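*Asks:* sequence and predicted model, in that order:
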Amino acid sequence: MKNARLLLFVLLVLGLPAFSLAQVDKDSGVKSSVIRRVLPPEALVMENMPAVPIEIAEATKKYTEAKPVGGGSWHPIKREMLASKRASNTTQVHYLATPMGEVKQLTDFPDGVGGGSWQPTTGKYFLFFKASGGNEIAQLHRYDMDGGKITRLTLNDKMRIGGGPWTTAGDRYLYTSLPTGGGTSSDTIKTEFYTIDPMNPDSAKLLVALDGVGWGAIDFSPDDKWLLIAKYISINESELYLYNIATGEKTLLTPKSSEKVAWGAEDFSKDGKGIYITTDQGSEFSRLAYMDLATKQIMPLTSHINWDVQGTDLSEDGRWLAFSTNENGWSKLHVLDTKTNKEIKMPKLPAGQVGGFSWHKKTGELGMNITSFSTLTDVYSLDFKTGKLTHWAQTELNGYETKGLREPELIKWKSFDGLDISGFIYKPATTFKGKRPVIINIHGGPEGQSTPGPLGRSGYFINDLGVALIYPNVRGSSGFGKTFLTLDNGFKREDSVKDIGALIDWIATQPDLDKDRILVTGGSYGGYMTLAVATHYNDKIRASIDIVGISNFVTFLKNTESYRRDLRRVEYGDERDAKMNEFLQKISPLSNAHKITKPMMVVQGKNDPRVPYTEAEQIVAAIKKNNTPVWYLMANDEGHGFSKKNNVDYQFYSSIMFVKEFLLN
C-alpha cells in the first residue's frame with residue numbers, strides 16, 4: 001500500500017491522471033496484475049459507463065494541458081493588468097506586471113473566479129465574483145494588493161450578485177442583487193441596485209429596486225448624477241433608461257414603436273451630453289450610434305457596416321471608441337475618432353476573434369484578447385501614439401500542436417424552406433483515406449453563434465481519429481440579422497431542427513464525408529437540439545451526446561431559476577398558455593423519447609440553475625425503456641456544464657470512448 005501511495009503521489013506531481021493498480025475480475029473473482037484505469041473525480045456519478053483506460057489519458061495529454069490567458073482590467077496608474085488563467089483545476093485571477101513576464105497567481109479557490117476589477121483611482125485593491133459548485137449564486141469579494149487579504153462583501157447566499165459600474169469618482173461600486181430559488185414567482189421578483197464603498201462592507205446602500213428581471217446598470221455620468229440603465233426583454237428587444245440619482249426618477253430614452261428594437265447601452269460621452277449606443281432600429285444588424293440626451297436624437301455612426309457591432313469601450317479621455325464587428329463569424333477591430341466620427345486606420349492584427357477591450361487611463365493603450373486558430377488566446381495592447389502592438393501574454397500550449405492544422409471552411413446548404421444555412425467544417429488531414437465520419441456540434445443560446453477558432457480538446461477527434469467536425473449556425477443564431485434571429489421562436493421551434501436534417505442530407509452529397517457515420521452533440525440549447533435530432537433523425541445518425549440539454553420545455557420552464565424564467569418564455573413560449581403548453585409538450589424530446597434507439601451519452605451538473613439536473617434524469621430514464629445504450633455522467637460539484645479541469649478531463653476521456661465505440665466501430 002505504501003508503494004501504491006508513492007506512485008499515486010508521483011503521478012499527481014507529474015500531472016498524470018491517477019489510475020488503479022489492481023482490479024478484481026467480476027466473473028472469475030481473481031485479482032488481476034495491473035489494470036490501469038483513470039480514477040474518476042470523487043464528485044462524478046456515473047451510470048452504465050465503462051472504466052477509462054490510462055492509455056486514453058496519456059494519448060490526449062497534449063490536448064488537455066494548454067492554459068489560455070485572458071487579459072482583464074488595467075491598473076489605473078501602473079502599466080500592469082489583471083488576467084485570467086487556469087491554476088491547477090480552475091480559472092483564477094492572475095497579475096501581469098510586464099509584457100511576456102510572469103503571470104502571477106493571486107486567487108486560489110476550489111471554484112473558478114470571474115475576472116477582476118481594479119479600484120479605479122489608486123489600484124490598492126480589486127473586486128471579483130465567486131460562486132460555488134456551479135450554482136451561479138455569485139458573491140462580491142475584495143482582494144487587497146498589500147498582503148493579499150480577501151474580504152467577502154456580500155453575505156446573503158440566497159441572493160445572486162451581479163456586476164455593475166464604478167462611480168466616475170471611484171469611491172463606490174454598483175452591484176445588482178436578485179433572489180434565487182426555482183419556486184420563486186417571477187411576477188414578484190425585483191432587481192435591486194446597491195452601491196458600496198468596498199473598503200467598508202457595511203456601507204452597502206440600496207439605490208433602487210426595479211420590478212422584474214433583465215435590468216442592468218451600465219455607466220455613471222461624468223458627474224455621477226445620472227445612471228444609464230438597460231432593460232433586456234429578449235435578444236430582439238430592449239430599452240434604455242436614465243436614472244436620476246438625487247430624485248429617483250427613471251426616464252425612458254428609447255422610443256416606443258411597433259417594431260421590436262434591440263438597444264444596447266455602452267458609455268456616456270466625456271462631456272456627459274450624450275451616450276454611445278448600439279441599435280438595430282431600421283436595420284437587420286446592430287449598429288453603433290450616438291444619442292443626444294437633450295433632444296434624444298440619434299446619429300448613426302456605422303451605417304456603412306452591414307454586420308453586428310459588439311464589445312465597445314470608450315477611452316478615458318473620451319477621444320477613442322473601440323468596437324468590433326462580427327463578420328460572418330470572424331471579428332474585426334475598429335476604432336472611432338469621436339471628434340470626427342471617422343474610423344482610424346488599424347495596424348494588422350493576428351487573425352482571429354478580438355475582444356475584451358480595456359483602455360489604460362494613463363498610457364492610452366488599448367488592451368485586448370485575440371483568440372486565433374493557431375495560438376489559442378493571447379493578450380495584446382495597442383499604442384495609438386506609436387502604432388506599436390505589444391504582446392503581453394501567450395497561451396501555455398504545453399504540447400498542444402498547432403502546426404499543420406487545416407483552417408476551418410465556411411459551408412452553406414439549403415434548408416427545407418430554401419433558407420440558406422451556414423456553418424464551419426474542420427476536416428482531418430488528407431492522410432486519412434476514405435470517407436470520414438462526422439460529428440455535428442450545435443451551439444447553445446439559442447442565440448449563440450459558432451465562430452471559427454481554436455478547438456482545444458476537440459482537435460483530438462480531427463487529428464488523431466480522422467473525424468470531421470461541423471459547427472452549424474441554424475436559424476435563431478446571432479450574427480445573421482434580426483430576422484434570422486426570430487425564425488425559431490415559439491411555434492417555429494422545430495424549424496431549426498429541420499436545418500440539421502438538411503445538413504445531414506448535405507453530408508450525404510459530399511464525396512469525402514460518410515453519411516452512415518454521423519454523431520450529433522451540443523450543450524444547453526444545443527443539448528435540446530441534440531435530443532430533438534435523435535428523435536427526428538434517429539435512422540440517419542449513429543449516436544449522440546447531450547450536454548445539459550432541455551428534455552421537456554414545460555418542466556424546464558417550471559424548474560429553471562426564477563430570475564431566468566420570463567426571459568426564456570419570450571424565446572420558447574409561455575407554458576402557462578394552454579395552446580403553447582400543448583405544443584411544447586408535443587415537441588419536447590421527452591415526449592418522443594420512444595423513437596431514440598441509437599446510443600446516447602448524457603452529461604449534467606447537479607447544481608445547474610439554468611437547465612436543472614432533472615431534465616437529464618428524466619430523459620435517461622425514458623431512453624432506458626427502449627433498451628437503448630445510454631451513458632450518464634453527472635458531477636455533484638458542477639452547474640451548467642463542467643468547468644473544473646479534473647471533471648472536464650474525465651468527460652473528455654469518456655466522450656472519446658463513446659465516439660470510438662458507437663461512431664467509429
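*Replies:* Sure thing, it's come through. Residues are numbered from 1 along each chain as shown.
*Asks:* tell me the domain boundaries of this structure?
*Replies:* According to automatic domain parsing, the chain comprises the domains 2-40+51-63, 67-213, 307-396, 409-664.
*Asks:* show the average pLDDT along the shortest one.
*Replies:* Looking back up the chat, that one is domain 2-40+51-63. In this model, domain 2-40+51-63 has a mean pLDDT of 56.
*Asks:* same check on the second one?
*Replies:* Domain 67-213 shows an average pLDDT of 92 in the prediction.
*Asks:* what segments of the stretch 551-665 of the chain are helices?
*Replies:* 553-559, 562-572, 578-587, 614-624, 645-659 (DSSP state H, counting those that start in this stretch).
*Asks:* now tabulate those in TSV and tack on distance to residue 397 and mean neighbour count.
*Replies:* For the C-beta atoms, the positions are set from N, CA and C on the backbone; glycine is no exception. As requested, those are arranged in TSV below (distance: least, Cβ to Cβ, whole Å; neighbours: other Cβ atoms under 10 Å):
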stretch	distance to residue 397	mean neighbour count
helix 553-559	39	20
helix 562-572	37	19
helix 578-587	43	15
helix 614-624	34	21
helix 645-659	16	22
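*Asks:* ok, which of the ones you listed comes nearest residue 370?
*Replies:* Nearest to residue 370, of all the helices of the stretch 551-665 of the chain, is helix 645-659, at 23.4 Å by Cβ to Cβ.
*Asks:* what is that closest one packed up against?
*Replies:* Under the contact criterion of 3 or more Cβ pairs under 8 Å, 6 or more residues apart in numbering; DSSP states H and E, helix 645-659 touches strand 52-53, helix 54-59, helix 61-64, helix 459-463, strand 543-547, strand 600-605, strand 630-635.
*Asks:* wait, a helix at residue 304?
*Replies:* No. Assessed with DSSP: H, G, I helix; E, B strand; the rest coil, residue 304 is coil; it does not lie in a helix.
*Asks:* list the contacts of it.
*Replies:* By Cβ atoms under 8 Å, 6 or more residues apart in numbering, residue 304 lies in contact with nothing.
*Asks:* what's the answer for the one 4 residues further on, then?
*Replies:* Taking Cβ under 8 Å, 6+ apart as the contact definition, residue 308 lies against 285, 286, 325, 326, 478, 479.
*Asks:* do the same with residue 642
*Replies:* Going by Cβ under 8 Å, 6+ apart, residue 642 touches 603, 605, 635, 648, 651.
*Asks:* same check on residue 109?
*Replies:* Contacts of residue 109 by Cβ under 8 Å, 6+ apart are 90, 92, 130.
*Asks:* reformat these as a markdown table; add neighbour count.
*Replies:* A markdown table is the format used below for the contacts of residue 109 (neighbours: other Cβ atoms under 10 Å):
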| residue | neighbour count |
| --- | --- |
| 90 | 17 |
| 92 | 22 |
| 130 | 21 |
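*Asks:* residue 248: what's it in contact with?
*Replies:* Residue 248 is in contact with residue 208, counting by Cβ under 8 Å, 6+ apart.
*Asks:* does it belong to a helix, a strand or coil?
*Replies:* Applying three-state DSSP: residue 248 is coil.
*Asks:* again with residue 312
*Replies:* Here residue 312 is recorded as strand under three-state DSSP.
*Asks:* ignoring the adjacent residues along the chain, who's closest to it?
*Replies:* In space, and not counting its chain neighbours, residue 312 is closest to residue 323: 4.1 Å by Cβ to Cβ, 6 or more residues apart in numbering.
*Asks:* next, count neighbours for that neighbour.
*Replies:* 25 (other Cβ atoms under 10 Å).
*Asks:* confirm for me that it is in contact with residue 334.
*Replies:* Yes. Under the criterion of Cβ atoms under 8 Å, residue 323 makes contact with residue 334 at 5.4 Å.
*Asks:* between the two ends of stretch 192-200, how far is it?
*Replies:* One end of stretch 192-200 to the other measures 19 Å (Cα to Cα, to the nearest Å).
*Asks:* mind listing what residue 459 touches?
*Replies:* Taking Cβ under 8 Å, 6+ apart, one finds 63, 400, 405 in contact with residue 459.
*Asks:* next helix or strand past the helix or strand harbouring residue 278?
*Replies:* Using DSSP states H and E, residue 278 sits within strand 274-279. Toward the C-terminus, strand 274-279 is succeeded by strand 287-292 as the next helix or strand (DSSP H and E).
*Asks:* strand 274-279 and that following strand, what's the angle between them?
*Replies:* If you take axes from the mean of the first three to the mean of the last three Cα atoms, to 10 degrees, strand 287-292 sits at 150 degrees to strand 274-279.
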